[in-house]
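1. here is my input, please return the structure:
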Amino acid sequence: MGKRPPSVDRLARSLAAHGLPHPLAVSVARQAIADDDADRLEDYARRRRRQMITEVVNATGVMLHTNLGRAPLPVSLPSRYTNLELDLETGSRGSRQRAVGDVMAEACGAEAAMVVNNCAGAVLLTLAALAPNRGVAVGRGEMVEIGGGFRIPDVMNQSGARLVEVGTTNRSRLSDYSDVADDLAMILKVHRSNYRIVGFTEDVTVAELATVGPPVVADIGSGLLDSTCPWLSGPPPSWLAEEPAARQTLKDGADLVLFSGDKLYGGPQAGIIAGRADLVATCGRHPLARALRPGSLVMHALHETTLAYLDRRGGDIPFWAMASRTPVELQARADAIDATLGTALSASCQSVPGGGTLPTVTIPSHGLRITSDVSDALRNLDRPIIARVEDRHTIIDLRTVDPTDDDYLSQALAAVLPAEPDPHR
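-> Predicted structure coming up:
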């Protein structure tokens, strides 16, 4: 007679400390029993818990870390109704785009704006609404592939627009666009935000493209609002020097700008379409606009982020608070952690913007350098700390660590740092 399997319910209830809802605990117990491995039930529960969304400490120095959710953003919404789609003046149904679109247009210096679920969605909707079965010119050097293998030509194909390739990979001239102008519904200018072409190159500016004739739509990707950064107390960071910004791109003659909400804008994942009111309205009437629209939480978060820009409260936008930290400030924090631990780990390092933005840019930073690879141990903590490894050294870049997490970081390091050999033995 075979051994009787343990009680699923008893095993599931024994996992209460892991905080798993009972049905998930039951699933974990059943899997452990099926694997004839009930003795390692705690490991199964821990693994299941780690597969769920959980808070981590970003110590990588990558400010817009795609794997960690890009721009960090606190979202707190009381359990109350809002006028999301209600016109308070008339009492009739309104547009969920109006409130956010109005403040976004003001921030961009645009006639109008609307919001979809991400920048790829903004490109898809704009092409489908403004150029169905018509030609759209794109420079061959701008046929970008974004994360996950999605490519501009593929998005265009799905939209129903017809791709008209102009120029060569490294060189495009104004005449390349002028020669095909009669065949175009629009010109799409795509920012090469995740790579660079250097050497024997030539490009056409937005201001030049605006003279060709068809509407110019600029996909600026990363979402810098204004190159002057008026929401900061000091001058714009030097590492933003070559990044296109929404306000300036529209001033240069673009009819629409498209950009992400969760990159340099520092908001939730969203795609913004801003520019000429008639073109935005056409996009808003297209059937895809409903399929691509964000939910109320995204709209609320984007609304609050945009109000912070208009109020010039850059410090209230977590990304800009992080980006503005000086190496001197960061070194003081590293030295304080050293003092707590009795170590000498403080070291300079380099942060990067991340999120497919500014691919060749590094930003002077400061943090901790550990002369061994303890990244696995840090990642396996109940509240994981995600660090980076260079030449088998663990780098903890404090730029991306919230200052309120410094005490937790100190405690975690005290637990995982390898013991120093005793010089008296």
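
2. phi and psi next, for the residue most central in space within the chain.
-> For the chain, the residue sitting closest to the mean C-alpha position, by Cα atoms, centre = their mean, is residue 70 at 3.4 Å. According to degrees, to the nearest 10, the main-chain angles of residue 70 amount to phi 60, psi -130.

3. unless I misread the structure, residue 274 falls within a strand.
-> Yes. Assessed by DSSP: H, G, I helix; E, B strand; the rest coil, residue 274 belongs to a strand.

4. neighbours of it, how many?
-> For residue 274, the neighbour count with other Cβ atoms under 10 Å is 28. For the C-beta atoms, the positions are set from N, CA and C on the backbone; glycine is no exception.

5. same question, the one 4 residues further on
-> In terms of burial, residue 278 registers 12 neighbours under the definition other Cβ under 10 Å.

6. tell me what the host helix or strand of it is packed against?
-> Using DSSP states H and E, residue 278 maps to helix 277-285. Here helix 277-285 touches strand 112-116, helix 119-130, strand 271-275, going by 3 or more Cβ pairs under 8 Å, 6 or more residues apart in numbering; DSSP states H and E.

7. what are the buried residues along it?
-> By neighbour count with 16 or more other Cβ atoms under 10 Å, helix 277-285 contains the buried residues 279-280, 283-284.

8. could you give the angle of it to strand 271-275?
-> Counting by axes from the mean of the first three to the mean of the last three Cα atoms, to 10 degrees, helix 277-285 lies at 150 degrees to strand 271-275.

9. need the contact partners of stretch 145-165.
-> Contact partners of stretch 145-165, identified using Cβ atoms under 8 Å, 6 or more residues apart in numbering, comprise 66, 120, 123-124, 127-128, 131-140, 142-144, 180, 183-185, 188, 190, 194, 356.

10. re the thing from before, the residue nearest to the centre of the chain: what's its closest spatial neighbour, skipping adjacent residues?
-> Nearest residue to residue 70 in three dimensions, chain neighbours excluded: residue 262, at 4.3 Å (Cβ to Cβ, 6 or more residues apart in numbering).

11. how close does the residue lying closest to residue 50 once chain neighbours are set aside sit to residue 93?
-> Leaving aside its sequence neighbours, residue 50 sits nearest to residue 384 (Cβ to Cβ, 6+ apart; 8.0 Å). For residue 384, the distance to residue 93 (Cβ to Cβ, to the nearest Å) stands at 45 Å.

12. remind me which residues of the stretch 1-150 of the chain are low pLDDT?
-> 1-3, 146-149 (pLDDT under 70).

13. show me the contacts of stretch 145-165 that map onto strands.
-> Mapping the contacts of stretch 145-165 onto strands (DSSP state E) picks out 135-139, 184-185, 188, 190.

14. quick check on these: which are buried?
-> Those of the ones in strands among the contacts of stretch 145-165 that meet the buried threshold are 135-139, 184-185, 188, 190, by 16+ other Cβ under 10 Å.

15. any chance of the residues you listed in a markdown table, plus distance to residue 249?
-> Shown next, in a markdown table, are those (distance: Cβ to Cβ, whole Å):
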| residue | distance to residue 249 |
| --- | --- |
| 135 | 22 |
| 136 | 18 |
| 137 | 17 |
| 138 | 16 |
| 139 | 16 |
| 184 | 19 |
| 185 | 20 |
| 188 | 13 |
| 190 | 12 |
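
16. okay, and residue 88 sits in which element?
-> If you go by DSSP H and E, residue 88 is not part of any helix or strand.
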